[in-house]
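# Any chance you can model this:
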Amino acid sequence: MESRKKQKAKSLDGFVPARLSSSLSNPFDKISRAKLNSNSRIIPHRQSPTLRKFSQETNSTNLNLNPTAKLATSDAALLSSPFSSIKEDFSSNQPDTPKLSRKQRREQKQEKQLEKIHKKKRIKRIVKYSVLLIIAFIIVVGGFLGFKVFHNIDKVFGGNVISNISSLFSSTTLKGQASGRINILLAGDSADQLGHGGAQLTDSILVASIDTQNNTAFLLSIPRDFWVDIPGMGWEKINAANDNTATYFPGYPQNGMGILEHLITSDLGIPIDYYALSDYGAFSAAVNAVGGVSVNIQSPDSRGLYDPYTNLKLPNGPVELNGQTALNLARARGDGPGSYGFPNSDFDRTEHQRQIFTAVAAKAKTIGVLADPIKIGDLFDTIGNNVETDLSLKDVLALIKITKNINLSNIQSFSFCSTLSVGLNGCTTPILTDYTDPVSGQEAIIPVAGIGDYTQMQQYYNQLTSSNPLVKENADIVILNGGKTSGIAAVYQTKIDNAGGNVSSIGDSPSVITSNQIIDNSGGTDPNTKNYLESIFGTTVIASNSNNNPSGATFVVIIGSNQKEPATSSTK
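Model prediction:
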């Protein structure tokens, strides 16, 4: 009977085997391992209803069982404890949800789809408003800059906003464009310097000459101290012309710059099409607006440059200049006490002015400036406040179109050769020299040929602008008659001059020769002239001979008795 009770106790719920704890250890281990795997879904083993009831009754009544029953009780408690904790974990992390019907699942799916659509619309609205905000900001900033640009355009070029905007969509033919060359007179004064004596005097005078056919350009400096007869003022330095507002000439601007244009055109033979006058503020501000410029100082003095009057001190070699330093360099000519590095005085100053002008123009065309609206605004502020010109906006736009293919780094820089500038920039034969006016005592510059004789200066400009190789070389030619035909030297002088050559003098040879001779003193610098003379006189050029070159000419031609007079027809 007792053994039957034991057997009944061992199979109390008809499920638990005799070795209860050991047989149930495997499900418990499985659950423990499942809990350690975060990616696995934990499904606890189910307890049978009888075992669950037994565990509850054991915990609630604390029955006093026999050893076998106690063993079952302890095993049941061991089972119930982990199962209940795992159940609590699942109840907290994965709450039970009622099973949805097919209709409910479809509605839930539709709600999720609608939520996605609304989310996309919200994102699109955010992006749209952000873009609109950015565009509005650009319009506001651009509108302000545009206002500044057109306001300054109106101040400088005249007209009004409507006419200037219409200029953006129209074209025009510039003065000088038909001839293939446009000349713009560039001048600078100190009109913005309050209390500065002689504020209207032009301290710098440059001619920017643009070859519209070959896409080239050069700058030619005109000495500010050049002695000329100014209408209404008498003989004065040319920089005083801008201060004359009482005399006007038809076809020229009705101001001081018109007088300056007239002098340069009529006296020097340089046609001027337009002008631009700026003050010190424009010069300095333009340099600052492009972020400064770099120039290469090449003073013959190893210390570089020093001028106490302008507070300038720079070493030789490449230097970075801000607006004020650039202005000081453009004004300095080394005439203060202790100055050094300016052996050619005003000619050194004009050389530095051309360097700075070219550097600013090159920097202004770079992407760093063109893509920066602030710098563009600053440039137009500078132009609007400090520049006067007879160029219209339409003219400027046409000029930009014409010059866009010019390589600014290849712009050449020239000045008239003077006794002060021999050896500078290829200056070998001076055409200008120093002069002191006996009446006023002013120190000035005049042509070597004499006051009012501008022939050599006109020839020099023609040399710079002509496409004729003989004109460009402008070699000095002397013709001597070594034969028996009277007047033959004069006949060939006319022929060579008509072809563009430069015959400076003719005469008779000290000895009679039979065959022609050509003496070359050029050192190979004028090959086109040499070839042309050979084609006329049909002889081989001989080496330099100082005995046959008393004038120091580049070429000396001695016509022999066998040379016939040329045909009467000639070509230029």
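
# correct me, but residue 497 touches residue 503?
Yes. Between residue 497 and residue 503 a contact is recorded at 5.7 Å, counting by Cβ atoms under 8 Å. C-beta coordinates here come from the backbone N, C-alpha and C atoms, glycine included.

# The two: which is more packed in?
Higher neighbour count among residue 497 and residue 503: residue 503, with 21 against 15, using other Cβ atoms under 10 Å.

# shared neighbours, residue 497 and residue 503?
Overlap of the contact sets of residue 497 and residue 503 (by Cβ atoms under 8 Å, 6 or more residues apart in numbering) is empty.

# Could I get the full set of strands for the stretch 151-300 of the chain?
Using DSSP state E, counting those that start in this stretch, the strands found in the stretch 151-300 of the chain span residues 181-189, 204-211, 216-221, 227-230, 234-237, 274-279, 293-297.

# So which elements touch the third one?
Using 3 or more Cβ pairs under 8 Å, 6 or more residues apart in numbering; DSSP states H and E as the contact criterion, the secondary-structure elements in contact with strand 216-221 are strand 204-211, helix 346-364, strand 412-415, helix 455-465.

# Can I get the second one in PDB, CA atoms only?
In other words, helix 346-364. Presented in PDB, the C-alpha positions along helix 346-364 are these (Å, rounded to 0.1, in the frame of the first residue of the first chain):
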ATOM      1  CA  ASP A 346      59.800 110.500 -62.700                       C
ATOM      2  CA  PHE A 347      60.600 107.700 -65.200                       C
ATOM      3  CA  ASP A 348      60.900 105.200 -62.400                       C
ATOM      4  CA  ARG A 349      57.600 106.500 -61.000                       C
ATOM      5  CA  THR A 350      55.800 106.000 -64.300                       C
ATOM      6  CA  GLU A 351      57.300 102.500 -64.500                       C
ATOM      7  CA  HIS A 352      55.900 101.600 -61.100                       C
ATOM      8  CA  GLN A 353      52.500 103.100 -62.000                       C
ATOM      9  CA  ARG A 354      52.300 100.800 -65.100                       C
ATOM     10  CA  GLN A 355      53.300  97.800 -63.000                       C
ATOM     11  CA  ILE A 356      50.500  98.500 -60.400                       C
ATOM     12  CA  PHE A 357      47.900  99.200 -63.100                       C
ATOM     13  CA  THR A 358      48.600  96.000 -64.900                       C
ATOM     14  CA  ALA A 359      48.600  94.000 -61.600                       C
ATOM     15  CA  VAL A 360      45.200  95.400 -60.600                       C
ATOM     16  CA  ALA A 361      43.700  94.700 -64.000                       C
ATOM     17  CA  ALA A 362      45.000  91.100 -64.000                       C
ATOM     18  CA  LYS A 363      43.800  90.500 -60.400                       C
ATOM     19  CA  ALA A 364      40.300  91.900 -61.100                       C
END
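
# For the stretch 201-350 of the chain, which segments are assigned as helices?
256-268, 280-289, 323-331, 346-364 (DSSP state H, counting those that start in this stretch).

# Can you pull out the low-pLDDT segments for the chain?
1-98, 124-170, 191-198, 367-385, 423-426, 540, 543-551, 567-572 (pLDDT under 70).

# Show me the domain layout of it.
What automatic domain parsing lists as the domains of the chain is 2-93, 181-464, 472-559.

# I'd like those domains written out as a markdown table, with distance to residue 119 added.
Output for the domains of the chain, formatted as a markdown table (distance: least, Cβ to Cβ, whole Å):
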| stretch | distance to residue 119 |
| --- | --- |
| domain 2-93 | 27 |
| domain 181-464 | 37 |
| domain 472-559 | 76 |
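
# Nearest to residue 102, out of those?
domain 2-93 (23.8 Å; Cβ to Cβ).

# Now render the helices and strands packed on strand 216-221 as TSV, adding distance to residue 513 and mean neighbour count.
Conversion of the helices and strands packed on strand 216-221 to TSV gives the following (distance: least, Cβ to Cβ, whole Å; neighbours: other Cβ atoms under 10 Å):
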stretch	distance to residue 513	mean neighbour count
strand 204-211	43	22
helix 346-364	43	22
strand 412-415	39	19
helix 455-465	31	18
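
# Format the ones you listed as a markdown table; extra columns: distance to residue 404.
Converted to a markdown table, those look like this (distance: least, Cβ to Cβ, whole Å):
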| stretch | distance to residue 404 |
| --- | --- |
| strand 204-211 | 12 |
| helix 346-364 | 12 |
| strand 412-415 | 19 |
| helix 455-465 | 21 |
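
# what about those, which gets the closest to residue 401?
Using Cβ to Cβ, these put strand 204-211 closest to residue 401, at 12.0 Å.

# got the CA positions of that closest one in PDB?
Written as PDB, here are the backbone C-alpha positions of strand 204-211 (Å, rounded to 0.1, in the frame of the first residue of the first chain):
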ATOM      1  CA  SER A 204      50.100 110.200 -63.600                       C
ATOM      2  CA  ILE A 205      49.300 110.200 -67.300                       C
ATOM      3  CA  LEU A 206      49.100 106.900 -69.200                       C
ATOM      4  CA  VAL A 207      47.700 105.900 -72.600                       C
ATOM      5  CA  ALA A 208      46.200 102.400 -72.800                       C
ATOM      6  CA  SER A 209      46.400 101.400 -76.400                       C
ATOM      7  CA  ILE A 210      44.400  98.300 -77.500                       C
ATOM      8  CA  ASP A 211      44.900  96.400 -80.700                       C
END
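
# any idea how far residue 217 lies from residue 396?
The gap separating residue 217 from residue 396 is 16 Å, by Cβ to Cβ, to the nearest Å.

# What of residue 489?
52 Å.

# So between the two, which is more surrounded?
For residue 489 and residue 396, the more surrounded residue by other Cβ under 10 Å is residue 489, and the numbers stand at 23 against 18.

# Quick one: list the elements packing against the helix or strand hosting that one.
Secondary structure assignment for residue 489, by DSSP states H and E: helix 488-498. Contacts defined by 3+ Cβ pairs under 8 Å, 6+ apart place helix 488-498 against strand 476-481, strand 502-508, helix 527-537, strand 555-559.

# If we use 6 Å, what do you get?
Other elements packing on helix 488-498 under the criterion 3 or more Cβ pairs under 6 Å, 6 or more residues apart in numbering; DSSP states H and E are strand 476-481, strand 502-508.

# which residue packs closest to residue 563, ignoring adjacent ones?
Spatial nearest neighbour of residue 563, excluding adjacent residues (Cβ to Cβ, 6 or more residues apart in numbering): residue 516 at 5.5 Å.

# I'd guessed that neighbour sits against residue 560; true?
Yes. Counting by Cβ atoms under 6 Å, residue 516 does reach residue 560; the two are 4.7 Å apart.

# a helix runs through residue 103, doesn't it?
Yes. Under DSSP: H, G, I helix; E, B strand; the rest coil, residue 103 falls within a helix.
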